[in-house]
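Engineer: make a model of this:
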Amino acid sequence: MKNPQSFVPRHRAIYEILRGRIRSRYWKYGEALPTREALCREFAVSAITIRTALRNLQQEGYIRSVRGRGSFACWKKEQEYYLSAISSSGRKLEITHLLFAPKPTDSYLMNMLADAFMEKNPQISVKFTELRPRGMEDPWLQLIASGELPQCGEFFWHAAYAEQDALYPLEELPDFEELKQELHPGAVYPTRNGSGESHIHALYLFFGVPLFMIFNVDHLEHAGGRVPYKPLSWPQIFRISRAMAERKRSGAAFAAAIAAPYSYHGVKPFIELLGQDLFQRGVPLTDLNSFAGLFQTGGALAGLELLEKILPRGRTLLRKCDEHFALGEVGFLPFASSWCLNLLEMMNQEQRYFISPIPPVGEHRKYRSFHSGFSVGIFRNGIASSEQLQVTWEWIRFLFHRRSQYLLSQDFRLPVRRGVESYLQRENPLLYAMAHNMLRNSVPQPDFSGMRRAFACAGRKITSFLHGEFSPEECLKAIREDLNHLPR
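Structural biologist: Numbers count the residues shown, from 1 in each chain. Take a look at the predicted model:
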């Protein structure tokens, strides 16, 4: 085939040809595109030109690239609904924002915000690409190692990225302090760069609803219990657990459900419960030493003893807890998240339930939850000029405008900007009031380099404890021994 016409960049002309083939279903959804070498031969261009064209297709959502396997068509006609309504052609500056494993609603909302931003900034184009985890490795670290970074993106933890000097310090940018004053204090926390210097490398974009307890009202009433409609104490939860454990009384297939950790996944709720002694003293989990110290506290032992009392042996489900609760098969969840409420809305709107904050542990008067959610930051290697840095920062600041924050609060999320009404506040005022009160005493979620390895060590032993293989004391001792072998 002849070269594309010379009056447009070759990579752009090839991009248009390949995009046309995908949209016309020349390559069906999921079908592999020709190899880069084959495309180089077809268009008689260099590998760099083909790589640029494919990268643009991926950023626009037309293909997905799998390392070692190639590129695959991933465009469907119905996806037109989510594509930007504002043309990006003819714009001087381009921003690529990477979304981490977005749901369709997330992509749609971000495209709406990008349209509004581009309408006010006709020289700037905002595009999105997606990053989805595969296996147990951190996909962001893999992307950082490849050097092919966007200008900005969202992530759940970022201390490891800051330590590699991948993130730009935001406090050095114009009007940072003014923005900071408009945000919840928990939206800003420092991490260390490769030289050990402390900076603000990212900002929480929104907060998730902190963990809470949830009870099936029908099963509770069948077991002879009453719904108190006020925060429960541990003795009350013990009584509910004993009643739920008698299947003939409650009618539940399982009295309780709690997700056993898998590698580093699912560990955070247990760390929150066991770390109350540290959190009450204001000690954050920002390194391996503070994390290891958590398992030496009396609060950690008290937390495991509480779980041992409220989780009936043989009547506790250890997997797919939210799904089984939404199906009405479980009496209560000691650790529930907004995902459980999402499932109830989708699967079982008739089910009656009661929510309660997790009670204080030991002698403490308050329970301190983690505040967590996706953060957003700027990648050093994604910035080509001071002008591009400026417009990327303008886009990030736009995401913290009042209207932007309201839109981002959909799906049981909480705005990080002060004084912004949230969707949850309108749809579920009781849950909003409880979550808002919990955030007043919340602490930052753990975030330190090597955290995934540390979480995996703790998770293995906690899973053994849930299966009855360890006592609380034995579990904590085993965790401490494992953590001592990790490099500091």
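
Engineer: which SS class is His201?
Structural biologist: On the three-state scheme (DSSP: H, G, I helix; E, B strand; the rest coil), His201 is labelled coil.

Engineer: surely it touches Tyr161?
Structural biologist: Yes. Because the distance of 7.4 Å satisfies CB atoms under 8 Å, His201 is recorded as touching Tyr161. All C-beta spots, glycine's among them, are computed from the backbone N, C-alpha and C.

Engineer: residues bridging contact with these two, i.e. touching both?
Structural biologist: 167, 377 (CB atoms under 8 Å, 6 or more residues apart in numbering).

Engineer: return the residues in contact with Cys152.
Structural biologist: When contacts are counted by CB under 8 Å, 6+ apart, Cys152 touches 95-98, 376-379, 382, 392, 395-396.

Engineer: how much space between it and Ser386?
Structural biologist: Cys152 is 15 Å from Ser386, where distance means CB to CB, to the nearest Å.

Engineer: if we can go back for a sec, in helices, which of the contacts of Cys152 appear?
Structural biologist: In helices, defined here by DSSP state H, the members of those are 392, 395-396.

Engineer: export those residues to JSON lines and append columns for pLDDT.
Structural biologist: Output for the ones in helices among the contacts of Cys152, formatted as JSON lines (pLDDT from 0 to 100):
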{"residue": "Thr392", "pLDDT": "97"}
{"residue": "Trp395", "pLDDT": "97"}
{"residue": "Ile396", "pLDDT": "97"}
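
Engineer: turn these into a markdown table, including neighbour count.
Structural biologist: Converted to a markdown table, these look like this (neighbours: other CB atoms under 10 Å):
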| residue | neighbour count |
| --- | --- |
| Thr392 | 26 |
| Trp395 | 22 |
| Ile396 | 22 |
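
Engineer: element containing the nearest residue to Leu483 once chain neighbours are set aside?
Structural biologist: Nearest residue to Leu483, sequence neighbours excluded (CB to CB, 6 or more residues apart in numbering): Ala292, at 4.5 Å. Here Ala292 is covered by helix 288-294, with elements defined by DSSP states H and E.

Engineer: of the ones in helices among the contacts of Cys152, closest to Arg319?
Structural biologist: Closest approach between these and Arg319, by CB to CB: Ile396, at 37.9 Å.

Engineer: Glu197: neighbour count?
Structural biologist: Around Glu197 there are 10 other residues, counting by other CB atoms under 10 Å.

Engineer: now do it against Pro169, distance only.
Structural biologist: 8 Å.

Engineer: same thing with Phe354?
Structural biologist: Separation of Phe354 from Pro169 (CB to CB): 45 Å.

Engineer: which one's more surrounded, the two?
Structural biologist: The residue with more neighbours, out of Phe354 and Pro169, is Pro169; 20 against 16, by other CB under 10 Å.

Engineer: just read off the phi/psi values of the more buried one.
Structural biologist: Main-chain dihedrals, Pro169, degrees, to the nearest 10: phi -70, psi 120.

Engineer: if I pick it, what's in contact with it?
Structural biologist: So Pro169 contacts 193, 199-201 (CB under 8 Å, 6+ apart).

Engineer: same question, Asn121
Structural biologist: So Asn121 contacts 391, 394 (CB under 8 Å, 6+ apart).

Engineer: could you rerun that using 10 Å?
Structural biologist: Listed by CB atoms under 10 Å, 6 or more residues apart in numbering, the contact partners of Asn121 are 91, 93, 95, 391, 394-395, 398.

Engineer: for it, give me the pLDDT.
Structural biologist: If you check Asn121, the pLDDT there is 92.

Engineer: circling back to that earlier point, what's the most distant pair in the contacts of Asn121?
Structural biologist: Between all members of these, the farthest pair (by CB to CB) comes out as Arg91 and Phe398, at 15.7 Å.

Engineer: which residues of the stretch 101-250 of the chain score low on pLDDT?
Structural biologist: Within the stretch 101-250 of the chain, the segments meeting pLDDT under 70 span 135-136, 247-250.

Engineer: what segments of it are strands?
Structural biologist: Here the stretch 101-250 of the chain has its strands, by DSSP state E, counting those that start in this stretch, at 124-131, 152-155, 191-192, 198-199, 203-204, 206-208, 212-216.

Engineer: out of the ones you listed, which comes closest to Asp277?
Structural biologist: Across the strands of the stretch 101-250 of the chain, closest to Asp277 is strand 212-216 (CB to CB), at 20.7 Å.

Engineer: off-centre distance for the closest one?
Structural biologist: Distance of strand 212-216 from the chain centroid (CA atoms, centre = their mean, to the nearest Å) equals 22 Å.

Engineer: that strand pairs with which strands?
Structural biologist: Sheet pairing of strand 212-216 (DSSP bridges) gives strand 330-336 (antiparallel), strand 353-356 (antiparallel).

Engineer: who's in contact with the last one?
Structural biologist: By CB under 10 Å, 6+ apart, the surrounding residues in contact with strand 353-356 are 209, 212-220, 227-233, 236-237, 325-326, 328, 332-333, 336, 340-341, 344, 428, 430-431, 434-435.

Engineer: how about a cut-off of 8 Å?
Structural biologist: Against strand 353-356 from outside (CB under 8 Å, 6+ apart): 212-217, 220, 227, 229-232, 336, 344, 430-431, 434.

Engineer: the very next helix or strand once past that strand - contacts with which helices or strands?
Structural biologist: Later in the chain than strand 353-356, the nearest helix or strand by DSSP H and E is strand 370-371. Other helices and strands packing on strand 370-371, by 3 or more CB pairs under 8 Å, 6 or more residues apart in numbering; DSSP states H and E, are strand 443-444.

Engineer: reformat the strands paired with strand 212-216 as a markdown table; add distance to Gly70 and mean pLDDT.
Structural biologist: Below are the strands paired with strand 212-216 laid out as a markdown table (distance: least, CB to CB, whole Å; pLDDT from 0 to 100):
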| stretch | distance to Gly70 | mean pLDDT |
| --- | --- | --- |
| strand 330-336 | 41 | 95 |
| strand 353-356 | 47 | 93 |
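
Engineer: winner for burial among the ones you listed?
Structural biologist: Looking across these with neighbours counted as mean count of other CB atoms under 10 Å, the highest average goes to strand 330-336: a mean of 26.

Engineer: what about that one, distance to the chain center?
Structural biologist: Using CA atoms, centre = their mean, the offset of strand 330-336 from its chain centre is 21 Å.

Engineer: just the C-alpha atoms of that strand, please, in PDB.
Structural biologist: This file holds the C-alpha atoms of strand 330-336, laid out as PDB (Å, rounded to 0.1, in the frame of the first residue of the first chain):
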ATOM      1  CA  VAL A 330     -26.200 -13.600  55.500                       C
ATOM      2  CA  GLY A 331     -27.200 -12.100  58.800                       C
ATOM      3  CA  PHE A 332     -24.600  -9.400  59.200                       C
ATOM      4  CA  LEU A 333     -21.300  -8.100  57.800                       C
ATOM      5  CA  PRO A 334     -18.800  -6.700  60.400                       C
ATOM      6  CA  PHE A 335     -17.000  -4.900  57.500                       C
ATOM      7  CA  ALA A 336     -19.300  -3.400  54.900                       C
END
